[in-house]
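Colleague: I need the structure of the sequence given here:
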Amino acid sequence: MTIDLSESDVDRIAEKVLKILKPLLEGLREPANMELLNKKQSCKYLNVCNDTFDKYIKRELRGVKIGKETRYTTLELNEYLNQDDRL
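Modeller: Residues are numbered from 1 along each chain as shown. Okay, the predicted model is just below:
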């Protein structure tokens, strides 16, 4: 089955799709105050030593792999701090 559409039809469809998706995509943007921290910075942010971070915390975080290094968002670290069942 083939549907032939004029360029104006394609433009109208694209505008409608954009109108629907734009509000959904807005929610996916990073908050302006969210930072990516390396492991050392994350330890300082959480006020824990490197060993504590490795042993208890790192396994509960997703992190973002950038090259060979994993970075952690301040948003994710704050979520970890706000957990009721941590440490």
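
Colleague: got a list of contacts for the lengthiest strand in the chain?
Modeller: Ranked by residue count and defined by DSSP state E, the top strand of the chain is strand 69-73. Strand 69-73 has contacts (Cβ atoms under 8 Å, 6 or more residues apart in numbering) with 34-39, 42, 61, 63-65. Bear in mind the C-beta positions are built from the backbone N, C-alpha and C, glycine included.

Colleague: Okay, strands next: where are they in the protein?
Modeller: Counting by DSSP E, the strands of the chain are 36-37, 64-66, 69-73.

Colleague: and the second one, what other elements does it pack with?
Modeller: In terms of contacts (3 or more Cβ pairs under 8 Å, 6 or more residues apart in numbering; DSSP states H and E), strand 64-66 is packed against strand 69-73.

Colleague: List the neighbouring strands of the strand it packs on plus their orientation.
Modeller: Here strand 69-73 is paired, per DSSP bridges, with strand 36-37 (antiparallel), strand 64-66 (antiparallel).

Colleague: ok so, going back, rebuild the strands of the chain as a markdown table, extending it with distance to E15.
Modeller: Formatted as a markdown table, the strands of the chain follow (distance: least, Cβ to Cβ, whole Å):
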| stretch | distance to E15 |
| --- | --- |
| strand 36-37 | 35 |
| strand 64-66 | 33 |
| strand 69-73 | 34 |
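
Colleague: so who does the closest residue to I66 other than its chain neighbours touch?
Modeller: Leaving out its chain neighbours, the residue that sits closest to I66 by Cβ to Cβ, 6 or more residues apart in numbering is L36, at 7.4 Å. Shown in contact with L36 (Cβ under 8 Å, 6+ apart): 64, 66, 71-73.

Colleague: Sort out which of these are buried, if you could.
Modeller: Buried subset of the contacts of L36 (neighbour count, 16 or more other Cβ atoms under 10 Å): 71-73.
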